[in-house]
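[1] Requesting a structural model of the entry that follows:
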Amino acid sequence: MPRIPTPSLVSLVAAVLLAASATLAQKLPRADVINVPAIADGLCVSNLFQSNMVLQRDQPIAIWGWAAPGETITVSFGGKEQQTTAGTDRSWRVTLPAMRANREAQTMTVRGEDDELSLFNILIGDVWLLGGQSNMEFELAKVENGKLEIVSANYPELRILTVPFAEGPAKQRSFPRLNEWSSWFNRHFRKGDWDMCTPKVARELSAIGYAFARRVHKASKVPIGVIDASRGGTAIETWLDLARLRAMPSQSVQNKLADWDKRVAEWDAKKDLEQRIAAHHRWLARQKKEGKQIPKDKLSDPDDLRPGPIADHNHPGHCFAGMIAPLAGLSIKGAIFHQGYNNTFDGMPGVVMYRDLLPEMIANWRAAFGNPDMPFGIVSLCTDGYPQTRDNYCEKMLDTGIYIRAAQYQTFVDLYKAGDKNIGFASTYDLRRRWYHPQVKIPAGERIARWALATQYGFARDVQWRPPMLVKTRAIDGALTLQLDRDVMDPQDGEITGFAIAGEDRRFHPATVSFKVKGKDNRGRPRLDRKQLILQSPLVPEPRHFRYAWGRNPLANLQATNNLDLPFATQRSDNWAMGEVPLGIIDTLIEGKLTRQQTGVIRRALRQEDERRRIAEAQAVLKGRKQ
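    The predicted model follows:
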């Protein structure tokens, strides 16, 4: 019998929770969970490793934790055993050999010289990481048809871990297990614990992540672990390792880093405190003058020195340091990522930076998990705002988010064409709602699940995932011809919408779309080549470039044939910046950005184009009636 340890109370609680059986864990009320520190005193494992978890199959299994310096640690699991010695910093790490998928619950034992920990009900299957911001984080209970999913969410072999929020600058070695307050939802969320999927647990999971995991689990018939490391309101630069960012040659990235460095260097905590005290005094005086009662907790002056920009979760590298670094080294199957909204606030410089950073982030995460070929699925930026229509078509093309969405797709195309067999993509622009948190999340999760099933689980012949892709573009006889790699259609078999074309004057207008005729059938009817689209507009006599789904909430309906629910992605053939369309409206930009006044000027010019088109279309109708 091992000697019973006498650690601190917090450490004892950690050991007890780690050793709790799966049955007890399911009976424990969620509100009664006791916070567990990231690293406990005495013998402990990283909080990544708990009862109820899933370990990655077919890959070496790394396990790590902390103990007394020089202490011998033995880890036993699945009939395998490894031994190591804790270093001077208390850390230890072992690697067990790869194991096949196993749906039977197993126990892991971690033994030190005096103490022993047991982790129960562990399965072996596939572990998927969820990353991004609030639209990935958005939980199942808040989405359309979420309640229907919740009541049926009884999947004991689907296990869920949500990582608590944390940030840099120092890389975190572990994460706590706690109830974390959400100001957005005005309540606590239980985070940091592995749980079996039940209706009570699933309701707080990412809706996209749940739909993805459910589909993959049911099709693959292997246990699935989901680690949700998303955080609302985050920009892409916070999800990369800061050292990697500083080493990038990209000028846009270096400009962003320089701006943050300047803000950190200029932060004066004492001056900030003085300003807040002065503002508090003014508020007190105003309250007294108006005869309002002042709450007791509002009487005292603020006395805290705030850390300033260095504590901002969007400081470059911070979410990587706080939420990805604690997971680094874990064997996982792959990741899916849904983000982009916060990078729209930087205008075209932000778009340029995003284009540089997304492929770098994919490589960064693959390196962090020790797999340069790790599957990585991109879920494109969702909709926001009122829909684009024929009447406001040109005006709605002025939006940074569209350029971010196009950058996401282009990143996928570049990697895919370079031979990356594990890069995936799913559009979401047609899952449209006006709110920037569109609650149509379950179809988005299922779309990216199709990619995973086809490329990682052997369902390529049964499930199609890749969107139709452009092969080449040609300008011929006043029209623009697009050659695609597969047949496409409007799912309602009507008018194809979503394409705009422009000539050298960069004045885009919606195009009339037709299929190329490749002959006649035996009844004399035209035979259509559904891989070739002909784009025309009477207002664009010599088109040179096209844009598709070029709206934040775009008017667009093209997809692969046979009702495959694979939309043609947001893309363009030009490289014109937002301030350069139409040509000649804006002469100069300050640091590549549009000022508010310049944005207004362009918007008026685009409205004029919409008006010019509507007048031309009305005149054409009247002329046709006269004839």
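[2] What segments of this protein are helices?
    In the chain, helices defined by DSSP state H lie at 9-19, 22-27, 134-137, 146-151, 199-202, 207-220, 242-247, 251-266, 269-289, 318-319, 347-368, 400-417, 442-456, 596-626, listed in chain order.
[3] Let me have the ones you listed in CSV, adding mean pLDDT and distance to Asp487 as columns.
    Quick note: C-beta positions are derived from backbone N, CA and C, even for glycine. Supplementary listing: those in CSV, determined by pLDDT from 0 to 100; distance: least, Cβ to Cβ, whole Å:
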stretch, mean pLDDT, distance to Asp487
helix 9-19, 35, 55
helix 22-27, 33, 50
helix 134-137, 94, 31
helix 146-151, 96, 33
helix 199-202, 95, 38
helix 207-220, 97, 25
helix 242-247, 98, 42
helix 251-266, 97, 38
helix 269-289, 95, 61
helix 318-319, 98, 41
helix 347-368, 97, 30
helix 400-417, 98, 19
helix 442-456, 97, 18
helix 596-626, 93, 30
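[4] Please tabulate those helices in CSV, including the columns mean neighbour count and distance to His188.
    Below are the helices of the chain laid out as CSV (neighbours: other Cβ atoms under 10 Å; distance: least, Cβ to Cβ, whole Å):
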stretch, mean neighbour count, distance to His188
helix 9-19, 18, 18
helix 22-27, 14, 18
helix 134-137, 25, 15
helix 146-151, 16, 19
helix 199-202, 20, 14
helix 207-220, 25, 19
helix 242-247, 16, 30
helix 251-266, 15, 31
helix 269-289, 12, 28
helix 318-319, 26, 21
helix 347-368, 21, 29
helix 400-417, 22, 32
helix 442-456, 23, 25
helix 596-626, 13, 39
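[5] tell me the contacts of Leu178?
    By Cβ atoms under 8 Å, 6 or more residues apart in numbering, the contact set of Leu178 is 33, 35-36, 164, 190-192.
[6] Show me what it bridges to in the sheet.
    Note on Leu178: beta-bridge partners by DSSP bridges are Lys191.
[7] State the distance from it to Ser230.
    Computed as Cβ to Cβ, to the nearest Å, the Leu178 to Ser230 distance reads 17 Å.
[8] can you check Leu480 too?
    To Ser230, Leu480 is 39 Å away according to Cβ to Cβ.
[9] what do you get for Trp465?
    As for Trp465, its distance to Ser230 is 22 Å (criterion: Cβ to Cβ).
[10] hmm, back to that, if we take the contacts of Leu178, which one ends up nearest to Tyr354?
    Nearest to Tyr354 among the contacts of Leu178 is Pro164, at 26.6 Å by Cβ to Cβ.
[11] Name the nearest residue to the closest one, ignoring sequence neighbours.
    Leaving aside its sequence neighbours, Pro164 sits nearest to Lys191 (Cβ to Cβ, 6 or more residues apart in numbering; 4.3 Å).
[12] Surely the one you found is in contact with Arg177?
    Yes: judged on Cβ atoms under 8 Å, Lys191 makes contact with Arg177 at a distance of 7.4 Å.
[13] of those two, who's got more company?
    Set Lys191 next to Arg177 and count neighbours by other Cβ atoms under 10 Å: Arg177 wins out with 24 against 20.
[14] Check what pLDDT the more buried one gets.
    Arg177 is assigned a pLDDT of 93 by the prediction.
[15] Then Gly519?
    Among the per-residue scores, Gly519 shows a pLDDT of 89.
[16] and it, what does it touch?
    526-527.
[17] any idea how far it is from Asp529?
    According to Cβ to Cβ, Gly519 stands 9 Å off from Asp529.
[18] just Asn575 next, same as before
    Going from Asn575 to Asp529 by Cβ to Cβ gives 28 Å.
[19] Determine which residue lies closest to the centroid of the protein.
    In the chain, the residue lying closest to the centroid (Cα atoms, centre = their mean) is His338, at 2.0 Å.
[20] Now do the same contact list for that one.
    By Cβ under 8 Å, 6+ apart, the contact set of His338 is 131-133, 135-136, 208, 230, 379, 382, 428, 444.
[21] Closest one of those residues to Leu245?
    Comparing the contacts of His338 against Leu245 with Cβ to Cβ places Gly131 closest, at 16.5 Å.
[22] The helices of the chain into JSON lines, with extra columns for distance to Val581?
    As requested, those are arranged in JSON lines below (distance: least, Cβ to Cβ, whole Å):
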{"stretch": "helix 9-19", "distance to Val581": "57"}
{"stretch": "helix 22-27", "distance to Val581": "57"}
{"stretch": "helix 134-137", "distance to Val581": "27"}
{"stretch": "helix 146-151", "distance to Val581": "39"}
{"stretch": "helix 199-202", "distance to Val581": "45"}
{"stretch": "helix 207-220", "distance to Val581": "32"}
{"stretch": "helix 242-247", "distance to Val581": "30"}
{"stretch": "helix 251-266", "distance to Val581": "20"}
{"stretch": "helix 269-289", "distance to Val581": "41"}
{"stretch": "helix 318-319", "distance to Val581": "33"}
{"stretch": "helix 347-368", "distance to Val581": "11"}
{"stretch": "helix 400-417", "distance to Val581": "11"}
{"stretch": "helix 442-456", "distance to Val581": "29"}
{"stretch": "helix 596-626", "distance to Val581": "8"}
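[23] Return a ChimeraX selection command for the buried portion of the contacts of Leu178.
    A single ChimeraX command selects the buried members of the contacts of Leu178 (16 or more other Cβ atoms under 10 Å):
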select :33,36,164,190,191,192
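[24] these two touch, right, Arg366 and Pro372?
    Yes: here Arg366 lies in contact with Pro372, judged by Cβ under 8 Å, at a distance of 5.2 Å.
[25] Looking at Asn575 and Asp529, which is more packed in?
    Asp529 (15 against 7).
[26] any idea how far that one is from Phe515?
    Distance from Asp529 to Phe515, counting by Cβ to Cβ: 6 Å.
[27] got the contact list for the residue lying closest to Arg90 once chain neighbours are set aside?
    Nearest-residue entry for Arg90: Trp66, 4.3 Å, with adjacent residues in sequence omitted and distances by Cβ to Cβ, 6+ apart. Contacts for Trp66 were tallied using Cβ under 8 Å, 6+ apart; they are 39-40, 43-44, 86, 90-92.
[28] what's the answer for Asn392, then?
    Listed by Cβ under 8 Å, 6+ apart, the contact partners of Asn392 are 607, 610.
[29] same thing but at 7 Å, please
    Under the criterion of Cβ atoms under 7 Å, 6 or more residues apart in numbering, the contact list for Asn392 reads Asp610.
[30] got a pLDDT number for the spatially closest residue to Leu158 that is not a sequence neighbour?
    Of all residues beyond its chain neighbours, the one nearest Leu158 is Cys197 (4.0 Å), with distances taken as Cβ to Cβ, 6+ apart. Predicted confidence (pLDDT) at Cys197: the value is 97.
[31] quick one: Cys197 from Val226, how far?
    9 Å.
[32] list the residues that contact both of those two?
    Taking Cβ under 7 Å, 6+ apart as the criterion, Cys197 and Val226 both touch Ile160.
[33] Tell me which of those two has more neighbours.
    Val226 (27 against 22).
[34] Identify the bridge partners of the more buried one.
    Listed by DSSP bridges, the beta-bridge partners for Val226 are Trp128, Ile160.
[35] Can you verify my assumption that it contacts Leu129?
    No: taking contacts as Cβ atoms under 7 Å, Val226 lies outside contact range of Leu129: 8.2 Å.
[36] before we move on, back to that, could I get the contacts of Leu178 in a markdown table, plus columns for distance to Lys270 and pLDDT?
    What follows is the contacts of Leu178, written out as a markdown table (distance: Cβ to Cβ, whole Å; pLDDT from 0 to 100):
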| residue | distance to Lys270 | pLDDT |
| --- | --- | --- |
| Val33 | 39 | 47 |
| Asn35 | 33 | 80 |
| Val36 | 36 | 88 |
| Pro164 | 31 | 94 |
| Arg190 | 38 | 82 |
| Lys191 | 34 | 91 |
| Gly192 | 35 | 95 |
